[in-house]
Structures are given as C-alpha cells and as structure tokens.
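Chemist: For reference, the sequence and a predicted model appear below.
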Amino acid sequence: RIGGTLEDLIRETEKLITGIAAGLLGAVSLPQRPWPVFSVKEMFKSILDIDLDNMSDVQVFRECAARKCTSVVLTDTWDDVFCKLFMEFVEPFLGQKEACFVAYYPQQMGALAAKNSEMSGVVDRFEAYIGGVEICNGYRELIDYEDYLKRVTLVESERKDISRDPLFESAMRSGLYPCVGNALGLDRLIAVLRGERDLQSVLPWPFASRFPNSTIALE
C-alpha cells in the first residue's frame, strides 16, 4: 500500500494474524501484542558473537562462519553463509518464541527492500515467525532506480540466470510512490494456527494429488 513505515506494516501484520486467529476454530493461542521485534544484527551478535558490520567481505565472513558451522564450504557465497548460520543457529532461537518478528536484514539480503535511513548497511525488511515457522516476508519497497540498478548489476555479475523486467524498470525510472508491502501465505498461516503440519489439510481442493509425491513439500 502507499505510504507507511516498516513499523506500521509490522503492527498491521500482527493485527491481521491475531484477528484471523480469533475467528478461527481450533486456533492455537497467541501471545498478547505487541510481539517482540528482533533485529538480524542483534541476533547474530548475541547468538553467534558475529558482528555483521565487519563481515562485508565474503572471505572474512566465510572463515568466521566456518569456525562455528561445519557445513560452510569454500564455494559458499555471502548469501549461502548467511542462510546456513541463520538456519542452524538463529531459527532454533526463534522456535522458542510463540510469535515474533525478525527485522532489518543486511543489505545483501535485501532483495527489493529500501535501505533503512537511520541504520547503516541494513534494509527495511521483516519476517513474522509463529512457533519458529516463517509466516510472511514484508518490506518497505525500493523505489530508488539508481540503487536498484546497482543491486541488479551486482547480482548479474554473480549469477547468469537473471531475467530483468523492462516494464518494472520503466516504472522505477518514472517514479513510484513510497509504499510498503507484505507477502503472507494464508494457507501456511492457517495451518500453523490450527496446529497442522500438512498444508493439504487446510486446502479446499486436492492440490497435492495432482503432482507426484516426490515433487512437493507438504509441510
């Protein structure tokens, strides 16, 4: 939607989720609002003793991470290292929380999220977790075309499978209104709120039956 801050979107998301839970039969209990918001940098520092401000160089990050995570290898990109540490060390911490938000990701994990105006090296992006399960991914949208161009050029230098959208880039050049957005999977949310472990149990049609069992992730 047009306008709004990341904090506005976080609280609107929280209100939406608790509203759905209140009207859903058999929903698990959720903690009272407001839910805690953990910054990515703070969690890496407190859980792993890693200062992400000093980890912009992938080799330094990889070497530091390898001392803590045996799955880190020499061919890992910055994103690979981050994701391995996050999944192995940060997500177990999030699993201990009934509900919370993870916010202010490093710029390398920013996708099309706008840079934070007060904190260096981070973007206005958040994810909501319920019982350790990610529910959504939201951010203040990137509308700076020059910043976008720098990011996509960097990604192109690292990957060869990038397909750019000329219509989107034209809109970026023309100018977009400041806005925030959130991708929230209602099927996953309802499954988590009902304590289900199989998405098929909350879908109104036999979606999974159309595909071979080995090609889908029911959870």
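Modeler: Okay, I see it. Residues are numbered from 1 along each chain as shown.
Chemist: how about the helices in this structure?
Modeler: Ranges of helices in the chain, per DSSP state H, are 6-22, 40-48, 58-66, 78-85, 91-95, 145-158, 166-174, 186-193.
Chemist: and residue 128, which of those helices is closest to it?
Modeler: helix 6-22 (5.8 Å; Cβ to Cβ). From N, CA and C alone the C-beta is placed, and that goes for glycine too.
Chemist: Please name every helix or strand in contact with the closest one.
Modeler: Applying 3 or more Cβ pairs under 8 Å, 6 or more residues apart in numbering; DSSP states H and E, one finds that helix 6-22 contacts strand 99-106, strand 122-130, strand 133-140, strand 180-184, helix 186-193.
Chemist: Mind doing that once more with 6 Å?
Modeler: strand 122-130, strand 180-184 (3 or more Cβ pairs under 6 Å, 6 or more residues apart in numbering; DSSP states H and E).
Chemist: Dump the helices of the chain to CSV, plus mean pLDDT and distance to residue 111.
Modeler: As requested, the helices of the chain are exported to CSV (pLDDT from 0 to 100; distance: least, Cβ to Cβ, whole Å):
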stretch, mean pLDDT, distance to residue 111
helix 6-22, 95, 14
helix 40-48, 97, 14
helix 58-66, 96, 18
helix 78-85, 96, 11
helix 91-95, 96, 19
helix 145-158, 88, 8
helix 166-174, 92, 13
helix 186-193, 92, 19
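Chemist: Could you dump these into TSV and include mean neighbour count and distance to residue 120?
Modeler: Output for those, formatted as TSV (neighbours: other Cβ atoms under 10 Å; distance: least, Cβ to Cβ, whole Å):
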stretch	mean neighbour count	distance to residue 120
helix 6-22	17	16
helix 40-48	17	10
helix 58-66	17	17
helix 78-85	18	17
helix 91-95	15	24
helix 145-158	13	14
helix 166-174	11	24
helix 186-193	19	33
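Chemist: circling back to that earlier point, just say which of the helices and strands packed on helix 6-22 is most tucked in.
Modeler: Across those, the average number of neighbours (mean count of other Cβ atoms under 10 Å) peaks for strand 122-130, which reaches a mean of 23.
Chemist: so how far is it off the chain centroid?
Modeler: 5 Å (Cα atoms, centre = their mean, to the nearest Å).
Chemist: List the contacts of that strand.
Modeler: 6, 10, 13, 94, 99-105, 107, 110, 113-116, 134-140, 192 (Cβ atoms under 6 Å, 6 or more residues apart in numbering).
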